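Asks: no sequence for this one, just the structure:
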């Protein structure tokens with residue numbers, strides 16, 4: 001028997017009746033989860049032996065009372081043993097059902113998760129960004145596939161979710177789904193929000209995340225050096241689609257805008273800034289924060305190049321941006337043709353802006369943070385990698401001072 005099972009009689013002094021009696025309950029604990037069953041019997045608290053869990057003394061009243069308690073306890077043991085013999089899943093819920101013959105409504109996790117995502121979708125663009133919803137939708141798909149793989153079930157009782165369930169889910173993500181460390185941790189944390197909803201509603205009595213430990217690992221941010229950026233910018237492409245993808249990628253390298261933000265740019269986002277020059281004024285799709293960016297000549301020239309394109313004219317778009325999938329596929333071709341050894345993806349443009357284009361050229365991190373649309377400098381520090389070149393520049397003055 002893998003389950004831990006224990007019974008304990010107790011009285012509820014807080015429920016003292018007008019006759020000075022208190023009710024007796026039987027606390028049932030299975031694998032650390034407890035419930036209390038009413039015996040429908042009352043006793044004078046002065047006559048109760050808490051340590052022995054019985055009526056004090058040896059009077060006929062005491063013997064009869066204690067005999068009833070023993071019979072009540074044995075009925076619970078009998079129900080538990082029957083569940084074992086029938087090879088049914090043993091839980092507080094199934095034991096209560098066996099004792100009463102009634103089936104309580106069992107709350108399961110999938111409807112709760114689906115309702116959470118439905119509400120999130122309703123608030124899309126207001127309180128939540130599309131990528132946040134996408135992450136929770138992915139987490140739900142992983143939970144469904146985990147239940148099918150691990151338990152051969154389409155759903156699972158909320159009350160049965162424990163620390164072991166979380167550990168098995170994370171192991172499944174890493175081993176079967178081949179998720180990296182950070183992806184696995186994020187999906188488990190997304191699931192954690194759903195469990196907190198269950199706890200708040202009283203559907204789950206114990207937090208499965210107690211003593212659960214799993215950490216995100218620092219991500220190595222890849223960006224282009226000045227030489228690599230120059231190679232791509234100056235490369236002559238015979239294939240027009242590659243030249244177009246290169247131009248839009250370079251635009252992001254000099255504005256710091258992520259793919260989703262460049263994709264939705266219209267001519268209305270191009271405005272005159274406080275300095276009388278052209279700026280991009282937009283809201284980041286991922287976070288909904290403002291991102292106001294003065295246009296560098298390179299970025300302005302790319303906008304000018306495509307302003308009369310049929311696609312831009314018809315769709316009122318600033319640039320003829322392809323799908324993210326196509327952009328990344330063509331960027332791999334561009335990397336090969338330019339002799340770039342790094343795995344070139346569109347998001348590298350954002351990292352390149354934060355490091356090579358801005359910080360390495362002395363732009364204060366506060367300004368970089370504002371242009372990237374970050375809510376704190378701490379977020380920017382993950383993107384804005386300080387390189388050895390920057391350290392060398394910063395220390396050169398000291399070297400001269402101390403005779404280096």
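Replies: Right, received. Where do you want to start? Keep in mind that this is a model prediction, so the values were computed, not measured. Residues are numbered from 1 along each chain as shown.
Asks: A helix includes residue 331, no?
Replies: Yes. With DSSP: H, G, I helix; E, B strand; the rest coil as the criterion, residue 331 is part of a helix.
Asks: Spit out the contact partners of it.
Replies: Counting by CB atoms under 8 Å, 6 or more residues apart in numbering, residue 331 makes contact with 245, 249, 344-346. For the C-beta atoms, the positions are set from N, CA and C on the backbone; glycine is no exception.
Asks: thinking residue 356 is in contact with residue 225, fair?
Replies: Yes. Taking contacts as CB atoms under 8 Å, residue 356 lies within contact range of residue 225: 6.3 Å.
Asks: What residues does residue 262 make contact with?
Replies: Here residue 262 is in contact with 248, 251-252, 255, 319, 321 (CB under 8 Å, 6+ apart).
Asks: pLDDT value on the residue nearest to residue 22 when sequence neighbours are not counted, please?
Replies: The shortest distance from residue 22 to any non-neighbouring residue, by CB to CB, 6 or more residues apart in numbering, is to residue 11 (4.6 Å). We have a pLDDT of 94 for residue 11.
Asks: My guess is residue 11 contacts residue 48. True?
Replies: Yes. With contact defined as CB under 8 Å, residue 11 counts as touching residue 48 (5.4 Å).
Asks: Got the phi and psi for the nearest residue to residue 332 once chain neighbours are set aside?
Replies: Nearest residue to residue 332 in three dimensions, chain neighbours excluded: residue 344, at 6.2 Å (CB to CB, 6+ apart). Torsion angles at residue 344 (phi, psi; degrees, to the nearest 10) stand at phi -80, psi 120.
Asks: Show me this protein divided up by domain.
Replies: The chain breaks down into these domains under automatic domain parsing: 5-100, 109-200, 226-396.
Asks: I'd like to know which of the ones you listed lies nearest to residue 213.
Replies: Between residue 213 and the domains of the chain, the shortest separation by CB to CB is 10.3 Å, and it involves domain 109-200.
Asks: gap between the two ends of that closest one?
Replies: 14 Å (CA to CA, to the nearest Å).
Asks: Show me what counts as buried in the longest strand along the chain.
Replies: As assigned by DSSP state E, the longest strand anywhere in the chain is strand 33-43. Buried residues in strand 33-43, counted by 16 or more other CB atoms under 10 Å: 33, 35, 37, 39, 42-43.
Asks: How about stretch 120-136?
Replies: 128-129, 132, 135-136.
Asks: Now do the longest strand of the chain: distance to the chain's middle.
Replies: 40 Å (CA atoms, centre = their mean, to the nearest Å).
Asks: Also stretch 68-87?
Replies: With CA atoms, centre = their mean, you get 42 Å for stretch 68-87.
Asks: Same question for stretch 21-38.
Replies: 36 Å.
Asks: what's the first-to-last distance across it?
Replies: Start to finish, the residues bounding stretch 21-38 are 14 Å apart (CA to CA).
Asks: With distance to residue 209 added, can I get the domains of the chain in CSV?
Replies: Listed next are these as CSV, based on distance: least, CB to CB, whole Å:
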stretch, distance to residue 209
domain 5-100, 14
domain 109-200, 6
domain 226-396, 24
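Asks: Out of these, the one nearest residue 215 is which?
Replies: Short answer: domain 109-200, nearest of those by CB to CB, at 7.0 Å.
Asks: wait, which of the buried residues of strand 33-43 is closest to residue 377?
Replies: residue 33 (44.6 Å).
Asks: any idea how far that closest one is from residue 164?
Replies: 13 Å (CB to CB, to the nearest Å).
Asks: that older thread, the residue nearest to residue 22: how many residues sit nearby?
Replies: 19 (other CB atoms under 10 Å).
Asks: now residue 293
Replies: Residue 293: 22 neighbours (other CB under 10 Å).
Asks: Check the secondary structure at it for me.
Replies: strand.
Asks: Could you give me the buried positions within the longest helix along the chain?
Replies: Of all the segments assigned as helix in the chain under DSSP state H, the longest by residue count is helix 60-85. For helix 60-85, the neighbour count (16+ other CB under 10 Å) marks 65-66, 69, 72-73, 76, 79-80, 83 as buried.
Asks: Which strands or helices does the helix or strand just after it pack on?
Replies: Using DSSP states H and E, the helix or strand that follows helix 60-85 in sequence is helix 92-100. Counting contacts by 3 or more CB pairs under 8 Å, 6 or more residues apart in numbering; DSSP states H and E, helix 92-100 is packed against strand 22-30, strand 33-43, helix 60-85.
Asks: how long is stretch 319-330 from one end to the other?
Replies: Counting by CA to CA, you get 17 Å between the two ends of stretch 319-330.
Asks: just to revisit the earlier point, overlap in contacts, residue 11 and residue 48.
Replies: 22, 24.
Asks: Angles on the backbone of the residue nearest to residue 22, please.
Replies: phi -110, psi 150.
Asks: what pairs with it across the strands?
Replies: residue 24 (DSSP bridges).
Asks: show me the contacts for it.
Replies: With the criterion set at CB under 8 Å, 6+ apart, residue 11 makes contact with 22-25, 43, 45, 48, 50.
Asks: related to what we said a few turns ago, pLDDT score assigned to the residue nearest to residue 332?
Replies: Looking at residue 344, its pLDDT is 93.
Asks: Next: residue 315.
Replies: pLDDT, residue 315: 85.
Asks: Give me the below-cutoff pLDDT ranges for the stretch 301-404 of the chain.
Replies: Judged by pLDDT under 70, the stretch 301-404 of the chain has its weakly predicted residues at 383-391, 393, 397, 403-404.
Asks: contacts for the helix or strand where residue 189 lies?
Replies: Using DSSP H and E, residue 189 falls within helix 181-200. Contacting residues not belonging to helix 181-200 are listed as 107, 109, 112-113, 116, 135-136, 138-139, 142-143, 158, 161, 166, 169-170, 173-174, 179, 204-205, 207-209, 214-217, 219 [CB under 8 Å, 6+ apart].
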